[in-house]
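Enquirer: need coordinates for the below:
(one chain, ligands or ions: 1)
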Amino acid sequence: MSATIIRNVRLIHLETAAIDSTHIFINKQGIIEKISPVLPDDFEHYHIIEGNNHFVLPGLINLHAHLFGNGNALSAPSTPFLKHLTFRLINTQLGKNWLRSIMRKNAQTELQTGVTTIRVVGEGLYQDILLRQQINHGEFIGPTLKASGPMLSAKDGHGTPFVARESTSISDYIQNCHQNIESGVDWIKICITGGVTDAKALGQAGQVQIPLGEVEAICQEAHKHDILVAAHAESTKGIRIALKAGVDSIEHGFSMDEEIIQLFKNNPKAYRGYSVLVPTFSPAIPFVKLSRKDLGVTELVYQNGKAIYQGMLKGFHQALQNNITIGIGNDASMTLVTHYDFWRELVYCKKLGKLSNQDVLKMATSGNAHILGVEDEYGTIAVGKIADVILLEQNPLENLKALKTISLVIKKGIPVDKTQLPKLKKVDRLLEKMDDKA
Ligand SMILES: [Zn+2]
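Expert: Numbering: from 1, shown residues only. Below you'll find the model as predicted:
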């Protein structure tokens with residue numbers, strides 16, 4: 001690869017909202033070397049990418065995604081027997097290769113639509129770790145992955161057996177946590193509560209599945225290895241356990257009380273001394289915008305989904321009011337959450353939180369980079385940073401929907417080829433119906 005200049009761009013400074021007409025110089029290693037409105041005399045020695053006066057932003061970071069699904073309705077096998085049979089089939093070399101090929105395609109769809117870094121928070125059989133290695137070794141171009149491997153869950157708990165490992169005792173949890181670390185995970189993901197799809201009764205979606213002592217042991221083990229812990233928690237009770245035990249990031253969230261608010265901001269057991277919230281509105285909003293028939297779910301799932309949405313929204317508002325650090329992730333792979341729609345999560349956060357475009361763009365770039373601990377390399381366009389850059393025809397500070405049609409994605413200095421996106425007609429139709437009601 002030769003040194004590159006992205007010529008004639010309008011660089012958006014997200015800190016100030018100022019826009020500069022300039023050129024971006026990238027060295028052979030894919031690092032931004034200089035940002036200058038002056039072209040050198042020998043500029044023909046560089047590889048030139050024509051920026052066409054488009055707007056430029058740092059690549060987006062999706063802080064909560066899965067790669068195993070594409071956004072079509074998720075359906076689990078109906079009996080425990082079928083569940084374990086299916087899992088055994090996937091747990092063969094052929095099965096794992098099949099799974100990884102799906103994950104690769106989904107990761108590349110995220111990249112093509114502007115997501116240059118993903119925190120992957122729950123996959124089966126360590127295929128996310130393998131995929132990350134393949135991308136890092138340059139076997140193919142993909143987003144930067146920070147991966148958690150399989151989640152840690154209780155027996156028959158959330159996500160088991162496909163994307164979570166079961167544990168039944170403290171020593172079990174420690175052993176499974178340790179095995180994830182040995183396998184090379186970047187984060188530990190645990191499921192403290194159940195989820196919408198596995199609740200057996202109304203209000204059970206947020207039922208606690210892992211007790212405090214167990215969560216504490218996991219956090220200690222992970223932190224000992226300088227690894228942070230993210231917890232799926234969809235009830236006040238679940239969040240309290242998570243934060244008291246030292247969890248670093250709460251996924252989805254729910255309404256909080258004063259004790260929880262204070263723990264978020266000052267959490268002696270969290271690795272950094274505080275914890276963050278990552279709400280995920282994309283899979284939750286359909287429950288309040290679409291009919292049960294549209295979603296094709298049971299009345300129980302429908303009602304639980306609505307309750308989870310209301311709790312998540314309350315928690316989000318409380319986090320904003322109390323200056324709790326918030327990250328943006330969309331839970332891609334869940335029903336109606338495709339890999340080409342990350343922009344929607346930004347729109348939801350803006351609308352629901354009454355935030356500015358600048359606020360949410362900062363959250364999805366430098367803010368998320370900070371939470372991920374990669375702010376030295378990613379999240380801003382500056383000298384010394386990796387050249388993960390997206391070009392847009394329209395100004396996203398004026399309209400976030402500009403993110404829907406990204407003209408070019410550059411990953412580590414290399415332009416990403418545009419291929420036909422794997423659009424899902426039925427999903428798109430339902431999402432458009434939701435937009436009409438917005
Ligand atoms: Zn998730």
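Enquirer: count the neighbours of residue 315 for me.
Expert: Residue 315 has 27 neighbouring residues, counting by other CB atoms under 10 Å. No exception for glycine: its C-beta is placed from N, CA and C like everyone else's.
Enquirer: just the C-alphas of the helix or strand encompassing it, formatted as PDB.
Expert: Element membership of residue 315 [criterion: DSSP states H and E] is helix 299-321. The C-alpha trace of helix 299-321 is given here as PDB (Å, rounded to 0.1, in the frame of the first residue of the first chain):
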ATOM      1  CA  GLU A 299     -49.000 -11.700  23.500                       C
ATOM      2  CA  LEU A 300     -46.600 -12.500  26.300                       C
ATOM      3  CA  VAL A 301     -43.500 -11.500  24.300                       C
ATOM      4  CA  TYR A 302     -45.300  -8.400  23.000                       C
ATOM      5  CA  GLN A 303     -46.200  -7.200  26.500                       C
ATOM      6  CA  ASN A 304     -42.800  -8.000  27.900                       C
ATOM      7  CA  GLY A 305     -41.200  -6.200  25.000                       C
ATOM      8  CA  LYS A 306     -43.200  -3.100  25.700                       C
ATOM      9  CA  ALA A 307     -42.300  -3.200  29.400                       C
ATOM     10  CA  ILE A 308     -38.600  -3.600  28.600                       C
ATOM     11  CA  TYR A 309     -38.800  -0.600  26.200                       C
ATOM     12  CA  GLN A 310     -40.400   1.600  28.800                       C
ATOM     13  CA  GLY A 311     -37.800   0.700  31.500                       C
ATOM     14  CA  MET A 312     -34.900   1.200  29.000                       C
ATOM     15  CA  LEU A 313     -36.300   4.600  28.100                       C
ATOM     16  CA  LYS A 314     -36.700   5.700  31.700                       C
ATOM     17  CA  GLY A 315     -33.100   4.500  32.400                       C
ATOM     18  CA  PHE A 316     -31.800   6.400  29.400                       C
ATOM     19  CA  HIS A 317     -33.500   9.600  30.600                       C
ATOM     20  CA  GLN A 318     -32.100   9.200  34.100                       C
ATOM     21  CA  ALA A 319     -28.600   8.600  32.800                       C
ATOM     22  CA  LEU A 320     -28.800  11.800  30.700                       C
ATOM     23  CA  GLN A 321     -30.100  13.800  33.600                       C
END
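Enquirer: can you pull the buried residues of it?
Expert: Neighbour counts over helix 299-321 (16 or more other CB atoms under 10 Å) mark 301-305, 307-309, 311-313, 315-316, 318-320 as buried.
Enquirer: report all helices and strands that it contacts.
Expert: With contacts taken as 3 or more CB pairs under 8 Å, 6 or more residues apart in numbering; DSSP states H and E, helix 299-321 sits against strand 276-278, helix 286-289, helix 292-295, helix 342-353.
Enquirer: so for the shortest one, mean pLDDT?
Expert: Think strand 276-278. Across strand 276-278, pLDDT averages out at 98.
Enquirer: distance from the chain centre to it, please.
Expert: Centroid separation for strand 276-278 versus its chain: 11 Å, with CA atoms, centre = their mean, to the nearest Å.
Enquirer: what are the contacting residues of that strand?
Expert: Identification of contacts with strand 276-278 by CB atoms under 8 Å, 6 or more residues apart in numbering yields 63-64, 230, 248-253, 264, 315-316, 319, 324-329, 371.
Enquirer: picking up where we left off before, turn the helices and strands packed on helix 299-321 into TSV, columns for mean neighbour count and distance to residue 84.
Expert: Converted to TSV, the helices and strands packed on helix 299-321 look like this (neighbours: other CB atoms under 10 Å; distance: least, CB to CB, whole Å):
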stretch	mean neighbour count	distance to residue 84
strand 276-278	24	31
helix 286-289	19	30
helix 292-295	14	27
helix 342-353	21	34
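Enquirer: reformat these into TSV and put distance to residue 412 next to each item.
Expert: Listed next are the helices and strands packed on helix 299-321 as TSV, based on distance: least, CB to CB, whole Å:
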stretch	distance to residue 412
strand 276-278	25
helix 286-289	35
helix 292-295	39
helix 342-353	19
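Enquirer: find the residue at the geometric middle of this structure.
Expert: residue 64 (2.3 Å; CA atoms, centre = their mean).
Enquirer: what sits against that residue?
Expert: 119, 121, 251, 278, 280, 327, 329-331.
Enquirer: mind listing residues that contact the helix holding residue 315?
Expert: Contacts for helix 299-321 (CB under 8 Å, 6+ apart): 196-197, 199-206, 234-236, 239, 252-256, 261, 264, 277, 279-281, 284-288, 292, 295, 297, 324, 326, 349, 352-353, 355.
Enquirer: tell me the secondary structure of the closest residue in space to residue 191 that isn't next to it in sequence, please.
Expert: Using CB to CB, 6 or more residues apart in numbering and skipping residues adjacent in sequence, the residue nearest residue 191 is residue 158, 3.8 Å away. What DSSP: H, G, I helix; E, B strand; the rest coil gives for residue 158 is coil.
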